[in-house]
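Participant: fold the following.
(2 chains)
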Amino acid sequence: MSGEGKADSGRGSAAQSGGYSISSLIASGFSRYGLILALILLIVFLSITAENFFTVSNMMNILLQSSNIGIMAAGLTLVIICAEIDLSVASIQSMGAVVVALLLKEYGVPIVPAVIATLILGVILGGVSGVFVGWFAIPAFILTLAMDSLARGGALILTGEQSIFGLPEAFSVVGQGYLGPFPMAAVIMGVVFLAAHLILSRTVLGTNIYAVGGNKEAARVAGVNVFAVKLFVLVFSGFCGALAGVVMASRLMAAQAIMGMFDLMDVIAAVVIGGASLLGGEGRIIGTVIGTLIIACIRNGLNLLGIAADWQLLAVGAIIILAVLLDYVGKKRTA
Amino acid sequence: MTPSPSRQPESRPDGAAERLILDMRGIGKRFPGVVALDGVDFGVRPGEVHVLLGENGAGKSTMIKIIAGVVEKDTGEMVFEGGVIERCSPALTRELGISVIHQELSLVRLMDVKSNLFLGRDLRSANRLLGRLGVRDEAAMERRCREIFTELGIEVDPNAEVLNLSLSDMQFLEIAKAVAFDAKVILMDEPTSSLGPGEKEALFGVIERLTERGIGVVYVSHTLEDCLAIGDRISVLRDGRHVGTIGAENTDIDTLIRMMTGRTFSERYPRISGKMGEEVLEVRNFTQTGVFSDVSFRVKGGEILGFAGLVGAGRTDLFRALFGLERPDGGEVFIDGEPVRIRKPRDAIHHGLSFLTEDRKNQGVFPLLSVLENLLITLFNFGRESRSRKLTRLLGWVNGSGATHLSRDYVERLSIKVASLTDQIAQLSGGNQQKVLLARGISTGARIVILDEPTKGVDAGAKVEIYRILEELAQLGVAIIVISSELPEITAICNRIIVMNEGRITGEVLREDADAETIMRYATGTAA
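Facilitator: Model prediction:
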């Protein structure tokens, strides 16, 4: 990779061009450094107000807690840059957790094949969405909403609304094990983030994802296989959903069809706070990483402060609105 | 051309007292890197048709946009009926009585004619309660609509769905809308670009009736004959400057061209030629129901073949279908004598075709991506080719140095002016964007290059450079097909010109025999 190649070729809102006014500089400055600044301020604030927030073990805890949201957010970032949406990730996560648990517990499948089978299931569910969205041009919003219902319903039917306990002890390594000081789940999240980042910034597929999201017609004319690109992002998102499910099942050593019901909101929030545009064509993984950490810090900090879950939901909602507003203001200034 | 005689704003030849409805004084506007308008004066008298003339990029659209309140001026003064307008906005101009008829009409297609006429200010029921509740008075609206139409000599049914109107009727509806809004100045941007000859006459009739009502009409067009026919005065802009304003009866086309371009005809449209080789493409009986039918033609390597015709003649649709962007209903395509099936753009590119669309913004560039990515994206997507040229490795991993190297080659060869390959393409001028797209098109080794209005929105200098690139390609034996509505361009750069009218080929002329009149006769379907 030469310095001048496509390394950091200015994708994403950080490189909005053409604006000269002060407000646009502020807007672009915000998207470049503001996110990190926001995260730091948040950490400082919580360190002061919440006891035990700024400790190594709590930091590791935050990473652990954020892992399944982060994994799904990595997948969703690609989908959103491609100007699509995947509303089914959280349900695919539940489906994944339930399926891996059933395979291990009820069918006695060894861990590795059970995990692989679960991931393949995620790929298939994402693939179904991808075919309908990419080939039949059905809006992803509708189709993945339906997929959300299908996956959640399927998980409920499989478990009969029961929790599945008593998974083999060795399975806990995925969600509870450590690699050096880092929780294994966080390491997995890191690997997924890195893979997504490399796809976006270093491969033809990445260029195609930005191209299709930014200007689908032009991509078609330029010879991009638009269907393949859309199929890929939704398959990747399905894969990430199932992987997040495996991680969650392992972390809790249990699975239930309704767990992670509200995760979709956090996942979308992480991506949008990270600066990916819902209109497609821009966004970066590093933004999503920070978005994920912001969400995780808020959740963790509010927990430490003893604030109830319903109020947390409110806070996340408010933060999404703020992030979208900033994105909108930035766009309007630089347009 | 000395600008001096016109620097005095609106000096009237007959010396009569000046009365202007709209007076734009010393308007200046800068965009990053470009001076769009530099101290331009432009005034409109009641009841006159004032033509605004100039090449693409001369500043016409900027002036129109400033008058319409869409763009803010940097310097100068806007005076409307004697009052200075400080801050203009689209809502304010409409309020004042300035209406713009755009090229892209802004009608609600699913509503009927009278509803469109009163859009946003429906006549309400005379009954106070019902009126308050927003109940419309359909009968009154229909009556008023008929009145306006009769006055303007428009024959359109107020109850027809806009969807079913012809383009010219839609335009009349737009004009009637302006009148219904009590417009005092109406700006028309290229109003005849999609009209047939009969429709054009009708439009001129309507314009005449507008001027009889004392409305000032600002008329923007590239068709010089029309400007002379309908205009009272003509103002010419060049590179953002006001070159002069003259009475339409005191001038002719040659003078106007010289004022517009500052150069002679042959400097603007160099004759270019290639080395004619074997036949590379043959299209037989290509048909898409209702769009084009039974189109057959052949092209040789090194040939530059033009497709002329009016907007809507089916030329763009024809080549979109050929390139796999639309499904034709019938016909065959042969490349090097072999039949080929093209179902999607990838197939077309694979067979050596390249298509530069007319709509650069929506179907060409990726504004947020870098120049490099914009240039190489097609090549990137042909894996084997791209790997053999050291652009990518396994799994589509981009080889940064290879990509930089190759794109730098193209940037030099096509003299694309760009600060850094990693700049977003949106920062480039129209001409340079077009060159990047051209480079993208030929990067896959295309042997048949189709260009749809290649110099639209490109300044005169870059235009000539694009012609030179085409010539170079033709010399290399590439077959070039140019769709152009600019007659001087097409007659200068093409060896052979095919003319289409309403989806059919109506004529074919060689460059030696090509003149505007012959082509227009074929294009309008009026050839004997």
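
Participant: so how many other residues sit close to A:Val112?
Facilitator: 8 (other CB atoms under 10 Å in any protein chain shown). Bear in mind the C-beta positions are built from the backbone N, C-alpha and C, glycine included.

Participant: mind checking pLDDT for it?
Facilitator: Confidence at A:Val112, expressed as pLDDT, is 96.

Participant: give me the next element, helix or strand, following the helix or strand hosting it.
Facilitator: Following DSSP states H and E, one finds A:Val112 within helix A:111-135. Sequence order places helix A:140-159 as the next helix or strand after helix A:111-135, per DSSP H and E.

Participant: do you know how far the single nearest residue of the stretch 301-450 of chain B relative to chain A is from A:Leu78?
Facilitator: Going by CB to the nearest CB, chain A is nearest to B:Gly400 of the stretch 301-450 of chain B, at 2.4 Å. Between B:Gly400 and A:Leu78 the computed distance is 21 Å (CB to CB, to the nearest Å).

Participant: hang on, the earlier thing: what's the helix holding A:Val112 packed up against?
Facilitator: Counting contacts by 3 or more CB pairs under 8 Å, 6 or more residues apart in numbering or on different chains; DSSP states H and E, helix A:111-135 is packed against helix A:89-105, helix A:140-159, helix A:226-252.

Participant: next, the buried residues of the second one.
Facilitator: Within helix A:140-159, the residues that count as buried by 16 or more other CB atoms under 10 Å in any protein chain shown are A:140, A:143-144, A:146-148, A:150-152, A:154-156, A:158-159.

Participant: what's it packed up against?
Facilitator: Against helix A:140-159 (3+ CB pairs under 8 Å, 6+ apart) you get helix A:89-105, helix A:111-135.

Participant: flag the shaky bits of chain A, pLDDT-wise.
Facilitator: A:1-33, A:327-328, A:330-335 (pLDDT under 70).

Participant: and the helices in it?
Facilitator: A:22-29, A:35-49, A:56-81, A:89-105, A:111-135, A:140-159, A:172-176, A:184-202, A:204-214, A:216-221, A:226-252, A:263-273, A:285-304, A:309-334 (DSSP state H).

Participant: pull out the buried positions in the longest one.
Facilitator: Within helix A:226-252, the residues that count as buried by 16+ other CB under 10 Å are A:226-227, A:229-252.

Participant: ok, now which ones touch B:Val291?
Facilitator: B:314, B:317-318, B:321, B:503 (CB atoms under 8 Å, 6 or more residues apart in numbering or on different chains).

Participant: what about the residue in the stretch 51-200 of chain A that chain B sits nearest to, how many residues close to it?
Facilitator: Residue of the stretch 51-200 of chain A nearest chain B, by CB to the nearest CB: A:Leu198 (8.4 Å). A:Leu198 has 13 neighbours, counted by other CB under 10 Å.

Participant: ditto for the one 10 residues further on
Facilitator: Per other CB under 10 Å, the neighbour tally for A:Asn208 reads 25.

Participant: what's the answer for the one 4 residues further on, then?
Facilitator: A total of 29 residues lie near A:Val212 under the criterion other CB under 10 Å.

Participant: which residue is nearest the middle of chain B?
Facilitator: With distances taken as CA atoms, centre = their mean, the residue of chain B nearest its centroid is B:Lys456 (6.3 Å).

Participant: how near is the residue nearest to A:Phe232 when sequence neighbours are not counted to B:His405?
Facilitator: In this structure, A:Phe232 finds its nearest non-sequential neighbour in A:Leu205, 6.6 Å apart by CB to CB, 6 or more residues apart in numbering or on different chains. A:Leu205 sits 22 Å away from B:His405, going by CB to CB.

Participant: which one of the two is surrounded by more residues?
Facilitator: Shown here are A:Leu205 and B:His405; by other CB under 10 Å, A:Leu205 has more neighbours (21 against 16).
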